[in-house]
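A.B. asks: Let's see this in three dimensions:
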Amino acid sequence: MKVKQTIRLIGWCLMLVMLLPISVALSAPISEPENPEEVIQKLQSSLLKVMREGEKLGYEGRFKFLEPVIDESHDLDLIIKTILGATYWSQLDKGQQDLIAETFRKLSIATYAGRFTQYEGEQFQIIEQRALPREQTLIRSRLTKSDGGKVNFDYVLHQTEGRWRIANILFDGVSDLAIKRGEYRAILQRDGFQALIEMLKEKITLTQQN
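C.D. replies: Numbering: from 1, shown residues only. Purely as a prediction, here's the structure:
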């Protein structure tokens, strides 16, 4: 009799264990899409964190730490398509499109990993948020360096698949997208696709030396 009761008790326990994850999942609140300011706050807090641990992490550690952060906050596929423009992008086959998108992605992450290397008291401050045409949003932010110098970052975000992501960044009023557009298209026009890929790979290598 005791054996049957024990078996029955074990059976009930196993059933409860199997149902528990389902119950937890159902009761968990559904997270709302982040607003543009939260996206930038998460990005900048991650940059400060990686700076504080910069020397300990080394380049590879900073890259791995920032990889999911950049993937989540930046619309890198849109950025590279915009840089090349519809005409050049349509001239590439699927393999070339995938190759340049992934190479550009690695360069974007590598650039952050190579620049934000150590912490010396720097602070980010969000200054303003305002609406832009075409349902975009501008977040104005300022980095105050240890020597008191200031760098202004203007982030242009758009919504894709219900999430806000960065489509362009302006450094002290200079558009990063516009600079890359001129540089990348000139190489494509003058030297071709493979030369552009090699240039991007060379830039990735250079970031690893920081």
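
A.B. asks: Can you give me the pLDDT of Q208?
C.D. replies: Reading off the per-residue confidence, Q208 sits at a pLDDT of 88.

A.B. asks: Thought I109 was touching it, still the case?
C.D. replies: No: the pair Q208 / I109 is not scored as a contact, 11.7 Å apart, by CB atoms under 8 Å. Any C-beta I mention is one placed from the backbone N, CA and C, and that applies to glycine too.

A.B. asks: more neighbours, the two?
C.D. replies: With neighbours defined as other CB atoms under 10 Å, Q208 and I109 compare such that I109 has more, 24 against 13.

A.B. asks: Verify the contact between that one and P68 for me.
C.D. replies: No: I109 lies out of contact with P68 (CB under 8 Å); the separation is 9.5 Å.

A.B. asks: Give me the distance between Y119 and A178.
C.D. replies: Counting by CB to CB, to the nearest Å, the gap between Y119 and A178 amounts to 30 Å.

A.B. asks: Looking at the two, which one has more neighbours?
C.D. replies: When neighbours are counted by other CB under 10 Å, Y119 comes out ahead of the other of Y119 and A178, with 16 against 13.

A.B. asks: Could you pull up phi and psi at that one?
C.D. replies: Main-chain dihedrals, Y119, degrees, to the nearest 10: phi -110, psi 130.

A.B. asks: give the contact list for it.
C.D. replies: The contact partners of Y119, taken as CB atoms under 8 Å, 6 or more residues apart in numbering, are 48, 51-52, 54.

A.B. asks: what do you get if the cut-off is 6 Å, keeping everything else the same?
C.D. replies: 51-52 (CB atoms under 6 Å, 6 or more residues apart in numbering).

A.B. asks: just W89 next, same as before
C.D. replies: W89 sits in contact with K81, where contact means CB under 6 Å, 6+ apart.

A.B. asks: Could I get the full set of strands for this protein?
C.D. replies: Remark: strands assigned in the chain by DSSP state E are 123-132, 136-144, 150-160, 163-171, 174-175.

A.B. asks: strands paired with the second one, and their directions?
C.D. replies: Partners of strand 136-144 in the sheet, by DSSP bridges, are strand 123-132 (antiparallel), strand 150-160 (antiparallel).

A.B. asks: what separates L196 from A186, distance-wise?
C.D. replies: Counting by CB to CB - L196 and A186 are separated by 10 Å.

A.B. asks: nope, S46 is what I was after
C.D. replies: S46 sits at a distance of 33 Å from A186 (criterion: CB to CB).

A.B. asks: Neighbour count: the two, which is higher?
C.D. replies: Summary of the neighbour comparison: S46 and A186, criterion other CB under 10 Å, with S46 having more neighbours (19 against 11).

A.B. asks: ok, the more buried one touching V69?
C.D. replies: Yes: contact status for S46 versus V69: in contact at 4.5 Å, counting by CB atoms under 6 Å.

A.B. asks: Tell me, please, where in this structure the pLDDT is lower than the cut-off.
C.D. replies: 1-33, 210 (pLDDT under 70).

A.B. asks: Residue nearest the middle of it, spatially speaking?
C.D. replies: Among the residues of the chain, I70 comes closest to the average C-alpha position under CA atoms, centre = their mean, at 1.5 Å.

A.B. asks: In contact with that one, which residues?
C.D. replies: Listed by CB under 6 Å, 6+ apart, the contact set of I70 reads 108-109.
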